[in-house]
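Peer 1: sequence first, then the predicted structure, then my questions.
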There are 4 protein chains.
Amino acid sequence: MEPLFELEMKVRDYECDLQGIVNNANYQHYIEHTRHEFLESCGLSFAKLHEDHIDVVVARINMSFKTPLKSGDRFLSQLSLKKEHIKYVFLQNIYRLPDRKLVMRAEVDCVALVNGVLQDVPALDSVFQPNIIKECLA
Amino acid sequence: MEPLFELEMKVRDYECDLQGIVNNANYQHYIEHTRHEFLESCGLSFAKLHEDHIDVVVARINMSFKTPLKSGDRFLSQLSLKKEHIKYVFLQNIYRLPDRKLVMRAEVDCVALVNGVLQDVPALDSVFQPNIIKECLA
Amino acid sequence: MEPLFELEMKVRDYECDLQGIVNNANYQHYIEHTRHEFLESCGLSFAKLHEDHIDVVVARINMSFKTPLKSGDRFLSQLSLKKEHIKYVFLQNIYRLPDRKLVMRAEVDCVALVNGVLQDVPALDSVFQPNIIKECLA
Amino acid sequence: MEPLFELEMKVRDYECDLQGIVNNANYQHYIEHTRHEFLESCGLSFAKLHEDHIDVVVARINMSFKTPLKSGDRFLSQLSLKKEHIKYVFLQNIYRLPDRKLVMRAEVDCVALVNGVLQDVPALDSVFQPNIIKECLA
């Protein structure tokens, strides 16, 4: 996967659970934050979109956990994107740093609701267009 | 403290951190949830108030941690209330069950913002009135 | 799906995000808590297993989001289970109450690590055995 | 307050609640993470200390909330420290960026437990010594 966007982050201790590893739900937080930072890099704001009655929501998420992150670990959160009909499909990988071992692989289907109704959002598409990768999975 | 309202809850494992005890920030969650359930028992909804442009916000919180909760623990979250000028002061204790050992003691000052402006909310006061305890700390 | 175990829960306001709906990561929390309560109903404790160097970890999770939960919503979290080779596959649905509208459907593959090594845990299997459903998806 | 340590952070959207502002419990996360990063800058690890049976725990926390952080806000989390008998008292302020408006002010009393027993930890003190500020509140 040739990433479209990437973000370096670091585990915060409160994200670890009693097993001493990052609790799985936090990976959803990490990759959501990565998508929102990506949106921001495109000039879009998740909060502003919501105020404009455009809500991008997750319809389906598929995550595979390969290596757990631990206290003190830094990691790289990478994102690619493809459009499939009405869905924005984000392909998101997390790699531990500095050894770049694969931590997690996710596929996240998002759709846009305008005033609660599922629909294409041209403004969203036009911003995403240059970024869309046709064949982004190796 | 003669509690005005109480809620029985149970620790969820994801609330525990790598020390194997409930992460402190979760006690804020527990006592916020208790306040909101108390509001609901008075016929008020935190979310509905927000939609009506009335936001009850925390101005100050003081928490003392006595005994940590662990995986599997059940606990009782108790609440009392007094009004001090414009402030609603919640006195909130958490006791472990079944031994009723004190886990945490908190004092939480809340104020109401109407369209972002700090002010008294008569509707809120009238609901709270019968519940207000003048001298609620032993 | 004939559920093997179910738990009634209620949305807590801090679980909602700026879209006014439960943040998706919290569904992972809900279904993790349901699995751990199920374990407890079988006489097993996630924390105790960890102390005994047996860590049940999620290898893969697939979630479909159908209807968002909101502030004040109660819901039913149901669980079924099947064993596929070394994997415990939990089928987990969440239904809003009282209308039983489907909120979320998840398939969660868990594996057991004993001292960090992937392996079958007979003690775990024997407890689960009576519960395992061969054909649990309609 | 002359800060001893500071960390620049940014609000993540999942930290905002239905009021559209950062949920108060997350400030406890922010300042805990700041303390742990400070420990790390002193060559100490919260997780490693725990493995060595030294648990630094919060005994009391007092937070005043002045200005709420919102989606997209960057902020500076500053920390000072004083020792009072057996307690490590962290004075922690958060300022919004770039306008440096005060967001939150906290005083956090921590104590160290060695094998569960409250006691002074010379190793901890010696590391902290050069950092301890006698009169750190303006």
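Peer 2: Okay, I see it. Predicted, not measured: the structure shown is a model, and the values here were computed from it.
Peer 1: where do the strands of chain A begin and end?
Peer 2: Along chain A, counting by DSSP state E, strands occupy A:5-10, A:54-65, A:74-84, A:87-97, A:102-114, A:117-118.
Peer 1: out of these, which gets nearest to B:Q119?
Peer 2: strand A:54-65 (31.2 Å; CB to CB). (Glycine included, C-beta is placed from N, CA and C.)
Peer 1: any residue of that closest one touching chain B?
Peer 2: No. Strand A:54-65 stays clear of chain B (CB under 8 Å from any CB of the partner chain), getting no nearer than 15.0 Å.
Peer 1: on that earlier part again, redo the strands of chain A as TSV? Include distance to B:N115.
Peer 2: As requested, those are exported to TSV (distance: least, CB to CB, whole Å):
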stretch	distance to B:N115
strand A:5-10	36
strand A:54-65	24
strand A:74-84	38
strand A:87-97	35
strand A:102-114	27
strand A:117-118	29
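Peer 1: next, format those as JSON lines and append mean pLDDT and mean neighbour count.
Peer 2: Listed next are the strands of chain A as JSON lines, based on pLDDT from 0 to 100; neighbours: other CB atoms under 10 Å in any protein chain shown:
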{"stretch": "strand A:5-10", "mean pLDDT": "97", "mean neighbour count": "16"}
{"stretch": "strand A:54-65", "mean pLDDT": "96", "mean neighbour count": "19"}
{"stretch": "strand A:74-84", "mean pLDDT": "95", "mean neighbour count": "19"}
{"stretch": "strand A:87-97", "mean pLDDT": "96", "mean neighbour count": "20"}
{"stretch": "strand A:102-114", "mean pLDDT": "96", "mean neighbour count": "19"}
{"stretch": "strand A:117-118", "mean pLDDT": "90", "mean neighbour count": "10"}
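Peer 1: separation between the residue of chain A most remote from its centre and A:L79?
Peer 2: Outermost residue of chain A with respect to the C-alpha centroid, by CA atoms, centre = their mean, is A:L18; its distance is 25.7 Å. Using CB to CB, to the nearest Å, A:L18 is found at 30 Å from A:L79.
Peer 1: so which bits of chain A are right by chain B?
Peer 2: So chain A meets chain B at A:D13, A:Y14, A:C16, A:D17, A:L18, A:G20, A:N23, A:A25, A:S71 (CB under 8 Å from any CB).
Peer 1: mind listing which of those residues are in helices?
Peer 2: The helices, defined by DSSP state H, take in A:A25 from the residues of chain A next to chain B.
Peer 1: between the residues of chain A next to chain B, which sits nearest D:I86?
Peer 2: Nearest to D:I86 among these, with distances taken as CB to CB, is A:D13, at 22.7 Å.
Peer 1: for the closest one, grab the count of nearby residues.
Peer 2: 25 (other CB atoms under 10 Å in any protein chain shown).
Peer 1: isn't it right up against D:H36?
Peer 2: Yes. Judged on CB atoms under 8 Å, A:D13 makes contact with D:H36 at a distance of 5.1 Å.
Peer 1: residue contacts, A:F90?
Peer 2: Contacts for A:F90 (CB atoms under 8 Å, 6 or more residues apart in numbering or on different chains) come out as A:I31, A:R35, A:L79, A:S80, A:L81, A:A106, A:E107, A:V108, A:D109, A:C110.
Peer 1: before we move on, what about A:L76?
Peer 2: Contacts of A:L76 by CB under 8 Å, 6+ apart are A:E6, A:L7, A:E8, A:M9, A:I94, A:Y95, A:L97, A:R100.
Peer 1: repeat that for A:R35.
Peer 2: Applying CB under 8 Å, 6+ apart, we find A:R35 in contact with A:L79, A:F90, A:Q92, A:V108, A:C110.
Peer 1: what about 7 Å?
Peer 2: Counting by CB atoms under 7 Å, 6 or more residues apart in numbering or on different chains, A:R35 touches A:L79, A:F90.
Peer 1: go on, A:P3?
Peer 2: A:Q78, A:L79, A:S80.
Peer 1: separation between it and chain C?
Peer 2: 22 Å (CB to the nearest CB, to the nearest Å).
Peer 1: in terms of pLDDT, where does that residue sit?
Peer 2: For A:P3, the model assigns a pLDDT of 90.
Peer 1: one more: A:I133?
Peer 2: 52.
Peer 1: what is the nearest residue to A:K10 once chain neighbours are set aside paired to in the beta sheet?
Peer 2: Nearest non-adjacent residue to A:K10, counting by CB to CB, 6 or more residues apart in numbering or on different chains: A:R74, 4.8 Å away. Under DSSP bridges, the beta-bridge partners of A:R74 are A:K10, A:L97.
Peer 1: ditto for A:R60
Peer 2: A:D109, C:S64.
Peer 1: hang on, isn't it packed against C:I61?
Peer 2: No. Here A:R60 does not reach C:I61: they are 11.2 Å apart, not a contact under CB atoms under 7 Å.
Peer 1: closest to A:E40 among the contacts of A:L76?
Peer 2: A:L7 (10.6 Å).
Peer 1: my read is that that closest one contacts A:E40, right?
Peer 2: No. Using CB under 7 Å, A:L7 is not in contact with A:E40; the gap is 10.6 Å.
Peer 1: am I right that A:I54 is in contact with A:V121?
Peer 2: Yes. A:I54 lies in contact with A:V121 (CB under 7 Å); the separation is 5.9 Å.
Peer 1: which residues do these two both contact?
Peer 2: A:A112, A:V114.
Peer 1: can you tell me which residues in chain A are near chain C?
Peer 2: A:18-19, A:24-25, A:28-29, A:32, A:47, A:50, A:55, A:58-65 (CB under 7 Å from any CB of the partner chain).
Peer 1: so what's A:V57 up against?
Peer 2: Per CB under 7 Å, 6+ apart, neighbours of A:V57: A:C110, A:V111, A:L113.
Peer 1: so how far is stretch A:6-13 off the chain centroid?
Peer 2: 13 Å (CA atoms, centre = their mean, to the nearest Å).
Peer 1: list the contacts of it.
Peer 2: A:22, A:30, A:34, A:37, A:69-79, B:17-18, D:29, D:33, D:36, D:46-47.
Peer 1: do that again at 8 Å, thanks
Peer 2: Contacts of stretch A:6-13 (CB under 8 Å, 6+ apart): A:22, A:30, A:33-34, A:37, A:69-79, A:97, B:17-18, D:29, D:32-33, D:36, D:46-47.
Peer 1: what is the nearest of the residues of chain A next to chain B to A:F128?
Peer 2: A:A25 (26.9 Å).
Peer 1: contacts only, for that closest one.
Peer 2: B:Y14, C:A25, C:N26, C:Q28, C:H29, C:E32.
Peer 1: where does chain A come near chain D, residue by residue?
Peer 2: Contact residues, chain A versus chain D (CB under 8 Å from any CB): A:12-14, A:16, A:20, A:29, A:32-33, A:36, A:40, A:45-47, A:70-72.
Peer 1: out of these, what pair is the most spread apart?
Peer 2: Taking CB to CB, no two of the residues of chain A next to chain D sit farther apart than A:G20 and A:S45, at 35.6 Å.
Peer 1: from D:H36, how far out is A:I94?
Peer 2: 21 Å.
Peer 1: same question for A:L18.
Peer 2: From A:L18 to D:H36 the distance is 17 Å (CB to CB).
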